[in-house]
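Chemist: structure of the sequence below:
(one chain, ligands or ions: 2)
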Amino acid sequence: MLDRYSYQAALAASEVIHWRVEDIIGGEKLLDVNNPFMPESLARVEELAFLDDEEKLLLNQIRGNAYLSIFGLVEEFILPFVLDHARPQLSGDDYRVRALLQFAGEEAKHIQLFKRFAQEFEEGFGVQCQVIGPPDAIASAILAHDPLGVAITTLHIEWMVQRHYLDSIKDNQRLDPQFKSLLKHHWIEEVQHAKLDTLMVESLAAGRNEEQVLSGVEEYIDIGGFIDGGLKQQVEFDLESLERASGRELNDEQKAEFRRKQLQANRWTYLGTGMTHPKVLATLEDLTPVARRRVESISGVFC
Ligand SMILES: [Fe+2]
Ligand SMILES: [Fe+2]
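Modeler: Residues are numbered from 1 along each chain as shown. Ligands and ions are numbered 1, 2, ... in the order given. Next comes the predicted model:
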């Protein structure tokens, strides 16, 4: 059974949350590079037995830096998408307009937060770690798809954030407190976004027949394939960053294992946790049960 959300309730929930970028990063609030940033369920560094404890910690932090940078990237397409969705109906439902503009404003704030984090990470970590991009090229490639496919991708990303935080970050006492604080502040606003995404998907699917809905779902799958290509590149960047940070070059066998296991870790982080999220599947099923079955038929590759 699909939960029913409303623009008015999402706006009301978001209006009681107040944080500024300056409140949660900078000054005394520093990253501690002695602590892990990412939960092991997403980082999967322990599987790499050829790394010592210090190298596993470095890789965990490299993955943490990439995690926030990749969120920054995807939010750069979510921001114009939400604005474009709001624009054609500026008169009518005032709650709709205000909830969507609030959503866009929060994403703009998150983009700035992630940029600030990237600067701090570079200063604290001491080694430059490359991340896929540039954001505007990725945003243009994603926004060239059917809006329904883009909306399902956004829905996937924002429920994925919920899952990561609630399942493996919230009660994890090992993570760096500053990094965890960034994830918490981000998550608390994403709760409303995931509900608004559900409303966007429903409105974009309204009036489409099953074939037209399924064509939007195929575009969501195409965007997933595009993201998967980016993740393969990110794994290469992470390997280079780890070698630079540790001062050790891995041998060919170790590199092959790194690529295989870290690609799967990245796939689970950014694709599997969204594609198998019960709320995403419920929304797809509500469009048509065929859409849910189609996504379920391929999600195993990303888990
Ligand atoms: Fe965000
Ligand atoms: Fe968001």
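
Chemist: just the element for the residue in the stretch 51-200 of the chain that ligand 2 sits nearest to, please.
Modeler: Checking the stretch 51-200 of the chain residue by residue against ligand 2 with C-beta to the ion singles out residue 193 as nearest, at 3.6 Å. For every residue, glycine as well, the C-beta is placed using N, CA and C. Under the criterion DSSP states H and E, the helix or strand holding residue 193 is helix 177-205.

Chemist: which parts of that helix are buried?
Modeler: 178-183, 185-187, 189-202, 204-205 (16 or more other C-beta atoms under 10 Å).

Chemist: residue contacts, the residue of the stretch 51-200 of the chain closest to ligand 2?
Modeler: When the contact criterion is C-beta atoms under 8 Å, 6 or more residues apart in numbering, the partners of residue 193 are 103, 106, 107, 154, 158.

Chemist: quick one, helices of the chain?
Modeler: Ranges of helices within the chain are 7-15, 21-24, 40-43, 53-86, 94-125, 135-143, 147-164, 177-205, 210-246, 252-267, 273-275, 278-287, 289-298, based on DSSP state H.

Chemist: possible to save those helices as TSV with mean pLDDT?
Modeler: Rendered in TSV, the data for the helices of the chain read as follows (pLDDT from 0 to 100):
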stretch	mean pLDDT
helix 7-15	96
helix 21-24	94
helix 40-43	98
helix 53-86	97
helix 94-125	96
helix 135-143	97
helix 147-164	98
helix 177-205	97
helix 210-246	98
helix 252-267	98
helix 273-275	98
helix 278-287	98
helix 289-298	98
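
Chemist: and the residue of the chain nearest ligand 1?
Modeler: The shortest separation between the chain and ligand 1 is 3.6 Å, found at residue 110 (distances taken as C-beta to the ion).

Chemist: next, count neighbours for the spatially closest residue to that residue that is not a sequence neighbour.
Modeler: Once its chain neighbours are removed from consideration, residue 110 has its nearest residue in residue 75; the separation is 5.4 Å (C-beta to C-beta, 6 or more residues apart in numbering). Residues contacting residue 75 under the criterion other C-beta atoms under 10 Å number 26.

Chemist: and the one 5 residues further on, by the same measure?
Modeler: If you count neighbours by other C-beta under 10 Å, residue 80 ends up with 14.

Chemist: same thing with residue 238?
Modeler: Neighbour count for residue 238, taken as other C-beta under 10 Å: 23.

Chemist: would you mind listing what in this protein touches ligand 1?
Modeler: For the chain, the residues in contact with ligand 1 (C-beta under 5 Å from the ion) are 75, 110.

Chemist: near ligand 2, which residues of the chain?
Modeler: 190, 193.

Chemist: hmm, try it at 8 Å
Modeler: Within the chain, the positions near ligand 2 by C-beta under 8 Å from the ion are 75, 78, 103, 106-107, 110, 154, 157-158, 161, 186, 189-190, 193-194.

Chemist: which members of the residues you listed are the farthest-apart pair?
Modeler: When C-beta to C-beta is used, the two most widely separated members of the residues of the chain next to ligand 2 are 154 and 186, lying 15.0 Å apart.
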